[in-house]
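>>> Quick one: sequence and predicted model below, then my questions.
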Amino acid sequence: MNKTIRIVVAGPRGRMGKEAVQLVKETSHFELAAVIDRKNGGKLLSDVEGFTGLDVPVYTDPQECFQHANADVLIDLTTPERGYLHTKTALEHNVRPVVGTTGFSSEQLDELKGMAEQRGIGCIIAPNFAIGAILMMKFSEIAAKYFDDVEIIELHHDQKLDAPSGTAIKTAEMIAKNREAKKQGHEDEKETIAGARGADFEGMRIHSVRLPGLIAHQQVLFGAGGQTLTIRHDSYNRASFMSGVKVSVETVMALDTLVYGLESILD
Ligand SMILES: NC(=O)C1=CN([C@@H]2O[C@H](COP(=O)(O)OP(=O)(O)OC[C@H]3O[C@@H](n4cnc5c(N)ncnc54)[C@H](O)[C@@H]3O)[C@@H](O)[C@H]2O)C=CC1
Ligand SMILES: O=C(O)C1=N[C@H](C(=O)O)C[C@H](O)C1
């Protein structure tokens, strides 16, 4: 039988956080130890609307939370600034972070990796937990061996804070492993409206669409003489991310370093 894993969820009232609390609740070897919220500190989660029966403490201060919660794992689904603070604080308390929050800088990722390695404890930072999105990224990495020209279009709901999405950045990084940096388009092209050609990642272009009605979508378009290849993934709800969160919580318990992206775990 699996050992019970005690979990802190940061951002429990958010769109993803609510799903994560539900996942912990319905998984027999997971136990909710506490939550970190922007407000409601000092209350029980069961006193907060929508969380009947969950008698675990709510903290606003991550230090206080990790000192008292006796937790194994943090699931962070908050904002870039808070997510970074929560992850760092968890590592300082030897609590293993599983981070879905996007928008960390590469310097922050390097620092967190150093901390995890120094302590010899696991940490997973996953820009996308959906299996289809991971396959989209892997297929794009393969396609980049054969196509030099690629544009990424990511489409999200209009409440998203970061652009481009963490998934788009990770996709570009994976494509870059198999593609020489190259400026795309006409050498003399000029934007008559700034931003028309999107963000520039080693000459690849990334376009961010934000519209109400969308959840999380991305297409990767490759072009070559007389043909295009489009690789597309759509998440139609946030439950689509939860099997990846579950695998990450189970896997992080056995890691002794930081893993960025689920593609290596699912090999
Ligand atoms: N890796 C993945 O597969 C996915 C990642 N995400 C990422 O997850 C993050 C959250 O996304 P959503 O749930 O859509 O956002 P949301 O805005 O619905 O939720 C964010 C939550 O963070 C909380 N928060 C803000 N400041 C806080 C603080 N000081 N302490 C504790 N909690 C605080 C808010 O109260 C809110 O409940 C984003 O970075 C998003 O990009 C979203 C979907 C999938
Ligand atoms: O904010 C979101 O919603 C999502 N964020 C992640 C990202 O930035 O890639 C994952 C998914 O696309 C949904």
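Cool, the structure landed. Ligands and ions are numbered 1, 2, ... in the order given.

>>> As a quick check, tell me the outermost residue of this protein.
Most distant residue from the mean C-alpha position of the chain: Asp188, 36.7 Å away (C-alpha atoms, centre = their mean).

>>> how about it, phi and psi?
phi -100, psi 10 (degrees, to the nearest 10).

>>> For it, give its distance to Glu31.
Going from Asp188 to Glu31 by C-beta to C-beta, to the nearest Å gives 61 Å. Every C-beta, even on glycine, is put in place using the N, C-alpha and C of the backbone.

>>> The residue in the stretch 1-150 of the chain positioned nearest to ligand 1: how many residues sit nearby?
Each residue of the stretch 1-150 of the chain has a distance to ligand 1, by C-beta to the nearest ligand atom, and the smallest belongs to Gly14, at 2.2 Å. Using other C-beta atoms under 10 Å, Gly14 has 20 other residues around it.

>>> Now for it: which residues touch it?
77-78 (C-beta atoms under 8 Å, 6 or more residues apart in numbering).

>>> can you give me the strands for the protein?
All strands of the chain, identified by DSSP state E, fall at 5-10, 30-36, 58-59, 73-76, 96-99, 123-125, 149-156, 199-201, 204-210, 216-224, 227-235, 258-260.

>>> Give the pairing partners of the first one; include direction for each.
Partner strands for strand 5-10, per DSSP bridges, with pairing direction: strand 30-36 (parallel), strand 73-76 (parallel).

>>> Equivalent analysis for the shortest one, please.
Listed by DSSP bridges, the sheet partners of strand 58-59 and their directions read strand 30-36 (parallel).

>>> What residues sit buried inside the strand it pairs with?
Neighbour counts using 16 or more other C-beta atoms under 10 Å place 30, 32-36 of strand 30-36 among the buried residues.

>>> and what of stretch 205-221?
Neighbour count says stretch 205-221 has 205-208, 214, 216-221 buried, by 16+ other C-beta under 10 Å.

>>> anything in it near ligand 2?
Yes. Interface with ligand 2: stretch 205-221 contributes Ala216 (C-beta under 6 Å from any ligand atom).

>>> Quick check: end-to-end length of that stretch?
Length of stretch 205-221, first residue to last, C-alpha to C-alpha, to the nearest Å: 10 Å.

>>> now the helices: where do they sit in the stretch 101-250 of the chain?
106-119, 131-143, 166-176, 242-252 (DSSP state H, counting those that start in this stretch).

>>> coming back round to it: as JSON lines, the strands of the chain with distance to ligand 1 and mean pLDDT would be great.
Shown next, in JSON lines, are the strands of the chain (distance: least, C-beta to the nearest ligand atom, whole Å; pLDDT from 0 to 100):
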{"stretch": "strand 5-10", "distance to ligand 1": "5", "mean pLDDT": "98"}
{"stretch": "strand 30-36", "distance to ligand 1": "5", "mean pLDDT": "98"}
{"stretch": "strand 58-59", "distance to ligand 1": "9", "mean pLDDT": "98"}
{"stretch": "strand 73-76", "distance to ligand 1": "8", "mean pLDDT": "98"}
{"stretch": "strand 96-99", "distance to ligand 1": "8", "mean pLDDT": "98"}
{"stretch": "strand 123-125", "distance to ligand 1": "9", "mean pLDDT": "98"}
{"stretch": "strand 149-156", "distance to ligand 1": "8", "mean pLDDT": "98"}
{"stretch": "strand 199-201", "distance to ligand 1": "16", "mean pLDDT": "97"}
{"stretch": "strand 204-210", "distance to ligand 1": "12", "mean pLDDT": "98"}
{"stretch": "strand 216-224", "distance to ligand 1": "6", "mean pLDDT": "98"}
{"stretch": "strand 227-235", "distance to ligand 1": "7", "mean pLDDT": "98"}
{"stretch": "strand 258-260", "distance to ligand 1": "11", "mean pLDDT": "98"}
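
>>> Using CSV, lay out these together with distance to Ala143.
Formatted as CSV, the strands of the chain follow (distance: least, C-beta to C-beta, whole Å):
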stretch, distance to Ala143
strand 5-10, 36
strand 30-36, 37
strand 58-59, 45
strand 73-76, 32
strand 96-99, 28
strand 123-125, 25
strand 149-156, 8
strand 199-201, 16
strand 204-210, 12
strand 216-224, 5
strand 227-235, 6
strand 258-260, 21
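
>>> Lovely, talk soon.
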